[in-house]
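Trainee: 3D model of this:
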Amino acid sequence: MRIAFIGQQDFGKVALEAFVARGDTITGVFCKPEKPGEKPDALCAAAKALGLPVFQFDKLTSPEAEQAMRKLNADIGVMAYVLQFVPQSLVNIPKHGTIQYHPSLLPKYRGPSSINWPIARGDTVTGLSVFRPTDGLDEGPIILQKICHIGPDDTLGEVYFNSLFPMGVAALLEAADLVVSGQHKEAVQDEAMASYEGWFKAEESKINWANHVDQVYNLIRACNPAPGAWTMLADTKVYLYDCRKHPTRRMGEIKGKPGTISNITATSVFINAQGGMIEVLKLKPEGGKKMGAAEFAQAFPLTTA
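Mentor: Numbers count the residues shown, from 1 in each chain. Here you go, the predicted model:
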C-alpha cells in the first residue's frame, strides 16, 4: 500500500521501518521542523536515510501542507507519535483516510501523558488504541485496541518499551491492513467514559510524603525514567528512580515523620511515608548525574530521624 506517514521520535522511526520492511511504499513523511541547535528527530533522520520525501511544515494546517499531501496520492495516512495539530482537512486526503496510535484504552486517558497517569493512579491495566483522528484531541472512532497489564513494580519505561511500544507498532500494521482491505469496524467513543489528562510535568511529579506509601511508590514508578519524581534531600532537589516499597505491618513501626530519612544503608536510603517507607536505590541531584543512593549519602549531609 501507499502510505503518507506523520510522526516523530523513536516510535515513529520504528513504525516507519516496519512498514518499509514488509514492502509498503512510503510516499512521504511529515515531521516537525527542528529548532536551531536541536538534535535531529529520529524519524526525520531515518526517513532521509531511506531516501524518502520529507516535509517539515511549521503548521500542518497550512495550504502548503495540504498541497503536499494531495500530491502523495496515498492509500492511507499513518500517524505515529504526533504532537503537531493535524487538521481534518489533511487526514481525509488519503484514499482510505488516516489512522493514529494512542497509548491508552480510549476514551480513558486522552492527552499527551497517557502512560504516566494510569501508573500513578495504581491502575493494573492499560493499553493502546488505533483510531481515526478528528479535530478533537484523541476523540475519533476506534478501529482496534490492545490490552497491556501493569505489574505492581512496573515503571513507565518498562510499560512503554516492553509492551506499548512494540504492541503499538504491530497494531498500526494490523489496523492499516484492515482499513485498506475494507475489513475494519469503527466504534464511536463513549463520552460518558472519557477522561483527559494534561502533561505530567514538575508540579505533577513532586512527591508528597504525607500521602500513603502506595501513592508515593506509584508516582515514582510513573515518572521513571521521565520526568522523574522529585523531592528535597539535604536542601538539594533530587529525582528518584529505582526504588522499593516497604509497607508497615503494625502501628509504631515507622520512626519519624513522613518525608524524613529513617535509615541509610550501604546501598540505599529509606524515606518515611504514610503507612510505610520508600527505599531509594538510584537518584539524580538536579544538574548532576544519576547515582546510587549510598553515593549520594556520602556526598551530601543526610541525617536520619
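Trainee: which residues does Lys206 form a beta bridge with?
Mentor: When bridges are called by DSSP bridges, Lys206 pairs up with Trp230.
Trainee: Show me the protein divided up by domain.
Mentor: Domain assignment for the chain by automatic domain parsing gives 2-193, 213-299.
Trainee: Columns mean neighbour count and mean pLDDT on top of these, output as JSON lines?
Mentor: For glycine as for every other residue, the C-beta is placed from the backbone atoms N, C-alpha and C. Below are the domains of the chain laid out as JSON lines (neighbours: other C-beta atoms under 10 Å; pLDDT from 0 to 100):
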{"stretch": "domain 2-193", "mean neighbour count": "18", "mean pLDDT": "97"}
{"stretch": "domain 213-299", "mean neighbour count": "18", "mean pLDDT": "93"}
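Trainee: Just give the closest residue to Ala120, not the sequence neighbours.
Mentor: Spatial nearest neighbour of Ala120, excluding adjacent residues (C-beta to C-beta, 6 or more residues apart in numbering): Ala222 at 3.7 Å.
Trainee: Would you check that that neighbour makes contact with Ser114?
Mentor: No: Ala222 is beyond contact range of Ser114, at 11.3 Å (criterion: C-beta atoms under 8 Å).
Trainee: on that earlier part again, of all the domains of the chain, which one is nearest Trp199?
Mentor: domain 2-193 (5.4 Å; C-beta to C-beta).
Trainee: for the closest one, how far is the first residue from the last?
Mentor: 35 Å (C-alpha to C-alpha, to the nearest Å).
Trainee: For the residue nearest to the spatial centre of the chain, give me its contacts.
Mentor: Here the mean C-alpha position of the chain is nearest to the C-alpha of Ile115 (C-alpha atoms, centre = their mean), at a distance of 4.9 Å. Counting by C-beta atoms under 8 Å, 6 or more residues apart in numbering, Ile115 touches 103-104, 126, 156, 159-160, 164.
Trainee: from these, which two are the most distant?
Mentor: Farthest pair in the contacts of Ile115, by C-beta to C-beta: Ser104 and Leu156, 13.1 Å.
Trainee: What segments of the stretch 1-150 of the chain are strands?
Mentor: 2-7, 25-30, 54-55, 76-80, 98-102, 125-131, 142-149 (DSSP state E, counting those that start in this stretch).
Trainee: how about these, which one is nearest Leu283?
Mentor: For Leu283, the closest of the strands of the stretch 1-150 of the chain is strand 125-131, at 26.2 Å, according to C-beta to C-beta.
Trainee: what about dumping the CA coordinates of that closest one to PDB?
Mentor: Output of strand 125-131 as PDB, limited to C-alpha atoms (Å, rounded to 0.1, in the frame of the first residue of the first chain):
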ATOM      1  CA  VAL A 125      -4.400  -2.500  33.200                       C
ATOM      2  CA  THR A 126      -3.800   0.000  30.400                       C
ATOM      3  CA  GLY A 127      -3.500  -0.500  26.700                       C
ATOM      4  CA  LEU A 128      -3.400   1.200  23.300                       C
ATOM      5  CA  SER A 129      -5.900   2.400  20.700                       C
ATOM      6  CA  VAL A 130      -5.700   2.900  16.900                       C
ATOM      7  CA  PHE A 131      -8.300   5.300  15.900                       C
END
